[in-house]
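Trainee: coords below, sequence missing:
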């Protein structure tokens with residue numbers, strides 16, 4: 001394997017991890033907002 005392929009794979013993996021992280025944060029935020037609205 002050459003380094004270009006490895007760097008490309010790492011970049012794709014990084015974007016995927018960032019996307020998953022953002023998705024989890026959004027879900028947690030939605031759940032928190034729903035909980036706040038539900039208690040009123």
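Mentor: Ah, there it is. Note that the coordinates shown come from a computational prediction; the quantities given were computed from them, not determined experimentally.
Trainee: name the helices or strands packed onto whichever strand or helix holds residue 12?
Mentor: For residue 12, the host element (DSSP states H and E) is helix 3-39. Using 3 or more CB pairs under 8 Å, 6 or more residues apart in numbering; DSSP states H and E as the contact test, no helix or strand touches helix 3-39. Where C-beta positions appear, they are placed from N, C-alpha and C, glycine not excepted.
Trainee: avg pLDDT for it?
Mentor: Mean pLDDT, helix 3-39: 94.
Trainee: next, work out how far apart residue 32 and residue 26 are.
Mentor: According to CB to CB, to the nearest Å, residue 32 and residue 26 sit 11 Å apart.
Trainee: cool, and residue 33?
Mentor: Distance of residue 33 to residue 26, computed by CB to CB: 11 Å.
Trainee: circling back: can you give me how far the helix holding residue 12 is from the chain middle?
Mentor: Chain-centre distance of helix 3-39: 1 Å, with CA atoms, centre = their mean, to the nearest Å.
Trainee: if we go by neighbour counts, what in stretch 17-28 is buried?
Mentor: Within stretch 17-28, no residue is scored as buried using 16 or more other CB atoms under 10 Å.
Trainee: what sits up against that stretch?
Mentor: Residues from elsewhere that reach stretch 17-28 (CB atoms under 8 Å, 6 or more residues apart in numbering): none.
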